[in-house]
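Novice: Sequence first, then the predicted structure:
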Amino acid sequence: MTTPQIIVMTCAYAVALAAAIYFSRATARRVAGALAGGAAAGCWGLCAILVGEAIGVWRDFLPATHAVWVLFYLGLAISLSPIYFITWRVARRFGVRGLAVCLIVAGVVGPPRDYLYVATYPEWGAFAEGIAPVLADAAIYIGLVAVGHAVMRLVSGPARGSRLAR
(Lines give C-alpha, C1' and ligand atoms only; values in the text may rest on other atoms or scores of the structure.)
Protein backbone atom coordinates (compact mmCIF):
# COMPACT_ATOMS: atom_id res chain seq x y z
CA MET A 1 0.00 0.00 0.00
CA THR A 2 1.19 3.46 -0.77
CA THR A 3 0.82 6.34 1.65
CA PRO A 4 -1.94 7.99 -0.45
CA GLN A 5 -3.85 4.68 -0.54
CA ILE A 6 -3.61 4.42 3.25
CA ILE A 7 -4.87 7.99 3.62
CA VAL A 8 -7.82 7.41 1.27
CA MET A 9 -8.69 4.16 3.09
CA THR A 10 -8.51 5.89 6.47
CA CYS A 11 -10.74 8.75 5.32
CA ALA A 12 -13.30 6.38 3.79
CA TYR A 13 -13.47 4.32 6.97
CA ALA A 14 -13.70 7.50 9.06
CA VAL A 15 -16.89 8.33 7.13
CA ALA A 16 -18.16 4.79 7.82
CA LEU A 17 -17.30 5.27 11.50
CA ALA A 18 -19.24 8.55 11.62
CA ALA A 19 -22.22 6.85 9.97
CA ALA A 20 -22.05 3.95 12.43
CA ILE A 21 -21.99 6.37 15.36
CA TYR A 22 -24.96 8.29 13.99
CA PHE A 23 -27.14 5.35 12.98
CA SER A 24 -26.47 3.32 16.12
CA ARG A 25 -27.29 6.32 18.35
CA ALA A 26 -24.09 5.63 20.22
CA THR A 27 -23.42 7.27 23.56
CA ALA A 28 -20.05 8.91 24.20
CA ARG A 29 -19.07 5.93 26.33
CA ARG A 30 -19.88 3.50 23.53
CA VAL A 31 -17.96 5.61 21.01
CA ALA A 32 -14.97 5.58 23.37
CA GLY A 33 -15.37 1.82 23.74
CA ALA A 34 -15.50 1.24 19.99
CA LEU A 35 -12.42 3.40 19.44
CA ALA A 36 -10.58 1.57 22.24
CA GLY A 37 -11.67 -1.74 20.71
CA GLY A 38 -10.42 -0.59 17.31
CA ALA A 39 -7.10 0.44 18.85
CA ALA A 40 -6.66 -2.92 20.60
CA ALA A 41 -7.74 -4.91 17.56
CA GLY A 42 -5.41 -2.78 15.44
CA CYS A 43 -2.51 -3.98 17.61
CA TRP A 44 -3.73 -7.56 17.17
CA GLY A 45 -3.93 -7.04 13.41
CA LEU A 46 -0.45 -5.55 13.09
CA CYS A 47 1.05 -8.36 15.15
CA ALA A 48 -0.82 -10.92 13.06
CA ILE A 49 0.49 -9.38 9.83
CA LEU A 50 4.06 -9.54 11.12
CA VAL A 51 3.74 -13.11 12.45
CA GLY A 52 2.13 -14.30 9.20
CA GLU A 53 4.94 -12.69 7.25
CA ALA A 54 7.57 -14.28 9.52
CA ILE A 55 6.17 -17.83 9.25
CA GLY A 56 5.58 -17.51 5.52
CA VAL A 57 1.81 -17.84 5.17
CA TRP A 58 1.74 -14.57 3.27
CA ARG A 59 3.88 -11.80 1.94
CA ASP A 60 2.40 -8.48 2.88
CA PHE A 61 2.91 -4.82 2.38
CA LEU A 62 5.18 -3.66 5.18
CA PRO A 63 5.58 0.08 5.69
CA ALA A 64 9.08 1.43 5.12
CA THR A 65 9.11 4.18 7.75
CA HIS A 66 7.80 4.68 11.26
CA ALA A 67 5.44 7.41 10.05
CA VAL A 68 3.82 5.06 7.55
CA TRP A 69 3.51 2.37 10.28
CA VAL A 70 1.67 4.87 12.48
CA LEU A 71 -0.57 5.91 9.59
CA PHE A 72 -1.27 2.26 8.74
CA TYR A 73 -2.12 1.49 12.38
CA LEU A 74 -4.43 4.52 12.57
CA GLY A 75 -6.21 3.39 9.40
CA LEU A 76 -6.55 -0.14 10.75
CA ALA A 77 -7.94 1.06 14.09
CA ILE A 78 -10.45 3.40 12.41
CA SER A 79 -11.53 0.73 9.92
CA LEU A 80 -12.19 -1.77 12.72
CA SER A 81 -14.09 0.54 15.08
CA PRO A 82 -17.47 0.51 13.24
CA ILE A 83 -17.62 -3.28 13.61
CA TYR A 84 -17.96 -2.98 17.37
CA PHE A 85 -21.14 -0.92 17.17
CA ILE A 86 -22.64 -3.87 15.29
CA THR A 87 -21.32 -6.47 17.73
CA TRP A 88 -22.59 -4.37 20.63
CA ARG A 89 -26.08 -4.32 19.11
CA VAL A 90 -25.94 -8.05 18.40
CA ALA A 91 -24.82 -8.73 21.98
CA ARG A 92 -27.60 -6.54 23.29
CA ARG A 93 -30.23 -8.39 21.30
CA PHE A 94 -28.96 -11.98 21.08
CA GLY A 95 -26.33 -12.34 23.81
CA VAL A 96 -23.38 -14.72 23.59
CA ARG A 97 -24.96 -16.78 20.81
CA GLY A 98 -25.22 -13.70 18.63
CA LEU A 99 -21.58 -12.87 19.26
CA ALA A 100 -20.61 -16.42 18.34
CA VAL A 101 -22.41 -15.96 15.02
CA CYS A 102 -20.51 -12.68 14.48
CA LEU A 103 -17.21 -14.49 15.08
CA ILE A 104 -18.14 -17.25 12.63
CA VAL A 105 -19.23 -14.73 10.00
CA ALA A 106 -15.95 -12.83 10.39
CA GLY A 107 -13.97 -16.05 10.01
CA VAL A 108 -15.91 -17.04 6.88
CA VAL A 109 -16.10 -13.63 5.15
CA GLY A 110 -12.59 -12.37 6.01
CA PRO A 111 -10.36 -14.69 3.97
CA PRO A 112 -12.26 -14.32 0.65
CA ARG A 113 -12.22 -10.55 1.19
CA ASP A 114 -8.43 -10.58 1.62
CA TYR A 115 -7.90 -12.91 -1.33
CA LEU A 116 -10.00 -10.53 -3.45
CA TYR A 117 -7.88 -7.59 -2.31
CA VAL A 118 -4.58 -9.25 -3.21
CA ALA A 119 -6.01 -10.43 -6.54
CA THR A 120 -7.07 -6.85 -7.32
CA TYR A 121 -3.96 -5.19 -5.88
CA PRO A 122 -1.08 -7.70 -6.12
CA GLU A 123 1.40 -5.11 -4.84
CA TRP A 124 -0.42 -5.24 -1.46
CA GLY A 125 0.67 -8.82 -0.81
CA ALA A 126 0.33 -12.48 -1.70
CA PHE A 127 -0.79 -15.63 0.07
CA ALA A 128 1.18 -18.87 0.18
CA GLU A 129 -0.33 -22.00 -1.35
CA GLY A 130 -2.53 -24.36 0.61
CA ILE A 131 -5.09 -24.17 3.37
CA ALA A 132 -2.79 -22.77 6.10
CA PRO A 133 -3.05 -19.12 4.94
CA VAL A 134 -6.84 -19.39 4.75
CA LEU A 135 -7.08 -20.81 8.27
CA ALA A 136 -4.60 -18.26 9.63
CA ASP A 137 -6.52 -15.41 7.99
CA ALA A 138 -9.82 -16.72 9.39
CA ALA A 139 -8.30 -16.96 12.87
CA ILE A 140 -7.06 -13.39 12.60
CA TYR A 141 -10.51 -12.11 11.66
CA ILE A 142 -12.09 -14.01 14.54
CA GLY A 143 -9.46 -12.51 16.84
CA LEU A 144 -10.07 -9.00 15.51
CA VAL A 145 -13.76 -9.22 16.34
CA ALA A 146 -13.23 -10.95 19.70
CA VAL A 147 -10.45 -8.65 20.95
CA GLY A 148 -12.17 -5.47 19.82
CA HIS A 149 -15.54 -6.43 21.27
CA ALA A 150 -13.97 -7.49 24.58
CA VAL A 151 -12.18 -4.15 24.92
CA MET A 152 -15.34 -2.28 23.94
CA ARG A 153 -17.24 -4.16 26.62
CA LEU A 154 -14.57 -3.32 29.21
CA VAL A 155 -14.81 0.39 28.37
CA SER A 156 -18.54 0.69 27.63
CA GLY A 157 -19.97 -1.91 29.95
CA PRO A 158 -22.13 -4.89 29.03
CA ALA A 159 -24.70 -4.42 26.29
CA ARG A 160 -27.41 -6.15 28.34
CA GLY A 161 -27.10 -3.49 31.04
CA SER A 162 -27.58 -0.62 28.60
CA ARG A 163 -30.59 1.67 28.68
CA LEU A 164 -31.17 0.58 25.07
CA ALA A 165 -31.26 -3.12 25.98
CA ARG A 166 -34.47 -5.01 25.34
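Specialist: Sure, I can see it.
Novice: From the structure, what's the count of residues near the nearest residue to residue 127 once chain neighbours are set aside?
Specialist: The shortest distance from residue 127 to any non-neighbouring residue, by Cβ to Cβ, 6 or more residues apart in numbering, is to residue 133 (4.2 Å). Just so you know, the C-beta spots here come from the backbone N, C-alpha and C atoms, and that holds for glycine as well. Residue 133 sits with 19 neighbouring residues when counted by other Cβ atoms under 10 Å.
Novice: mind listing what's buried in the helix or strand hosting residue 133?
Specialist: Element membership for residue 133, per DSSP states H and E: helix 132-156. By 16 or more other Cβ atoms under 10 Å, the buried positions in helix 132-156 come out as 133-134, 136-138, 140-153, 155-156.
Novice: Could you do stretch 98-113 as well?
Specialist: For stretch 98-113, by 16+ other Cβ under 10 Å, it's 98, 99, 102, 103, 106, 107, 110, 111.
Novice: Restricted to helices, list those.
Specialist: Of the buried residues of stretch 98-113, the ones assigned to helices by DSSP state H are 98, 99, 102, 103, 106, 107, 110, 111.
Novice: how far is stretch 107-122 from where the chain is centred?
Specialist: A distance of 14 Å separates the centroid of the chain from that of stretch 107-122, by Cα atoms, centre = their mean, to the nearest Å.
Novice: try stretch 77-95
Specialist: Using Cα atoms, centre = their mean, the offset of stretch 77-95 from its chain centre is 11 Å.
Novice: Strands along this structure, start to end?
Specialist: 58-60, 125-127 (DSSP state E).
Novice: What ranges does this protein have for its helices?
Specialist: Remark: helices assigned in the chain by DSSP H are 3-23, 28-55, 66-120, 132-156.
Novice: name the helices or strands packed onto the last one?
Specialist: In other words, helix 132-156. Counting contacts by 3 or more Cβ pairs under 8 Å, 6 or more residues apart in numbering; DSSP states H and E, helix 132-156 packs against helix 28-55, strand 58-60, helix 66-120, strand 125-127.
Novice: can you tell me how far residue 40 sits from residue 73?
Specialist: 12 Å (Cβ to Cβ, to the nearest Å).
Novice: out of these two, which sits in the busier spot?
Specialist: In terms of neighbours (other Cβ under 10 Å), residue 40 is the more surrounded of residue 40 and residue 73; the figures are 21 against 17.
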